[in-house]
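Participant: Provided below are the primary sequence and the corresponding predicted coordinates.
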Amino acid sequence: LFLGAALLGLINHYFFHTYEPLDAIFPFLFLVAQPPAFLVFGGGSLSSDLLYTYVVFLCSLGLSIVVYRLSPFHPLAQFPAPTIGKITQLWTFWKTLQGYKYLYHKSLHDRYGPYVRIGPNAISVIDAPTVRETLSRGG
């Protein structure tokens, strides 16, 4: 039963990675409804197994996301970054709240070079000619 919940988490990661939703309401409702539906159709008990099913489901979903973001298969894997920057943007957000984002980015560039991955899907570029060239091509 719990192996099925873990598999369901992996399937959700693949599905939402492949078919990115345009809003957050459908995915939220979809993710909330799956573990109870899995228990009903899988023969589990809603009263005793629901919490464990949610925990296993969400842990497997979260773990698969973290593993993918750290893997060489991620599109931004070739850019250097601290491990926390590959997994989440929460550290950058924390530095922003403290008012030190610019110093944090500067320290990352001093350590890793002109291109730094500062989040799962974010790059910081300090090389001005490259930024100018990239922006001029985008229009």
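Facilitator: On my side now, so go ahead. Treat the numbers as computed from the prediction; the structure is a model and nothing was measured. Residues are numbered from 1 along each chain as shown.
Participant: what about the helix or strand where Leu51 lies, distance to the chain center?
Facilitator: In this structure, Leu51 sits in helix 46-70 according to DSSP states H and E. Relative to its parent chain, helix 46-70 has a centroid offset of 14 Å by C-alpha atoms, centre = their mean, to the nearest Å.
Participant: need the residues that contact it.
Facilitator: 1-2, 5-10, 12-13, 17, 31, 34-36, 38-40, 44, 74, 83, 86-87, 120 (C-beta atoms under 8 Å, 6 or more residues apart in numbering). C-beta: built from backbone N, CA, C; applies to glycine.
Participant: give me the number of residues near Pro114?
Facilitator: As a burial measure, Pro114 scores 12 neighbours (other C-beta atoms under 10 Å).
Participant: now do the end-to-end distance for stretch 68-84.
Facilitator: Using C-alpha to C-alpha, to the nearest Å, the end-to-end distance of stretch 68-84 comes out at 13 Å.
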